[in-house]
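What shape does this take:
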Amino acid sequence: MISHDSRIDWLELNPSATKLLFRDKRRSLNLFDIATQTRTTLLTLCSYVQWVPRSDVVVAQSRADLCVWYNIDATEKVTMFPIKGDIIDIERTDGKTEIVVDEGLQTTYVALDEALIAFGSAVERRRFERAMDILETLPPSPEAEAMWTTLAHLTLQARRLHIAERCFAALGDVARARYLHKINQ
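Numbering: from 1, shown residues only. Just a heads-up that it's a prediction; the model follows:
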């Protein structure tokens, strides 16, 4: 059961039904993790929110900022873009995801990073080698670091130690990478 002190005006589950996004009348955006039963406030003054179709990526707007959570398990890692209008839609076609922004006299499109979106899909399907291949093509960034961390923990739990070793090496955690290397030999 979720306890909340304001009326909810929008809510939606992610495609795997493990996370619930909801916005209240005060325009506060919250994320509820069903497995851990924890609630996290993602954003205040949220005027738009939507899951990117067929992914666990969240797109939201607060004032003149477009906010994207490529890894919803690392809520503190948010990518922000300044925009001059209101988000009206998310289009996902031909391997490309774009946010449609109405700027009054014209409509603009903001492209999302398809590799970061694909990572989430690979992890959800437990295709850890594919997820690692995607991360290896990305430049260093806070989002990429959060995804390496997520993949490291998931592969440890799944006992896929050779992938976990690579993840900890990418994160610069030499001690864990060496320990896993010794185990893998």
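
Now do stretch 126-140, average pLDDT.
For stretch 126-140, the mean per-residue pLDDT is 95.

Ends of it, what's the gap?
23 Å (CA to CA, to the nearest Å).

Residue 85: how many residues sit nearby?
17 (other CB atoms under 10 Å). For every residue, glycine as well, the C-beta is placed using N, CA and C.

ok, so what distance separates the nearest residue to residue 44 once chain neighbours are set aside from residue 22?
Among residues not flanking residue 44 along the chain, residue 28 sits closest, at 5.4 Å (CB to CB, 6 or more residues apart in numbering). Residue 28 sits at a distance of 9 Å from residue 22 (criterion: CB to CB, to the nearest Å).

ok so, going back, ramachandran angles for the residue nearest to residue 44?
Per-residue torsions, residue 28: phi -100, psi 130 (degrees, to the nearest 10).

show me where this structure has helices.
Remark: helices assigned in the chain by DSSP state H are 114-124, 128-136, 142-157, 161-170, 174-184.

Tell me which of these approaches residue 18 most closely.
helix 114-124 (9.0 Å; CB to CB).

what does the closest one contact?
The contact list for helix 114-124 (CB atoms under 8 Å, 6 or more residues apart in numbering) reads 15-16, 52, 54-57, 70-72, 95-97, 128, 130-131, 134-135, 137-138, 143-144, 147, 150-151, 154.

quick one: least confident helix or strand in this structure?
When the helices and strands of the chain are compared on mean pLDDT, DSSP states H and E, helix 114-124 comes out lowest with a mean of 90.

Report the backbone C-alpha coordinates of that one in PDB.
Only the C-alpha atoms of helix 114-124 are listed here, as PDB (Å, rounded to 0.1, in the frame of the first residue of the first chain):
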ATOM      1  CA  GLU A 114      19.300   5.000 -28.200                       C
ATOM      2  CA  ALA A 115      22.200   3.100 -26.800                       C
ATOM      3  CA  LEU A 116      21.200   4.000 -23.200                       C
ATOM      4  CA  ILE A 117      17.600   3.000 -23.900                       C
ATOM      5  CA  ALA A 118      18.800  -0.400 -25.400                       C
ATOM      6  CA  PHE A 119      20.900  -1.100 -22.300                       C
ATOM      7  CA  GLY A 120      17.700  -1.100 -20.200                       C
ATOM      8  CA  SER A 121      16.000  -3.500 -22.500                       C
ATOM      9  CA  ALA A 122      19.000  -5.800 -22.500                       C
ATOM     10  CA  VAL A 123      19.100  -5.900 -18.700                       C
ATOM     11  CA  GLU A 124      15.400  -6.500 -18.500                       C
END
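
doesn't residue 88 make contact with residue 98?
No - applying CB atoms under 8 Å as the test, residue 98 and residue 88 come out as separate, 11.6 Å apart.

Compare neighbour counts for those two and give me the winner.
It is residue 98, of residue 98 and residue 88, that has more neighbours when counted by other CB under 10 Å, with 15 against 11.
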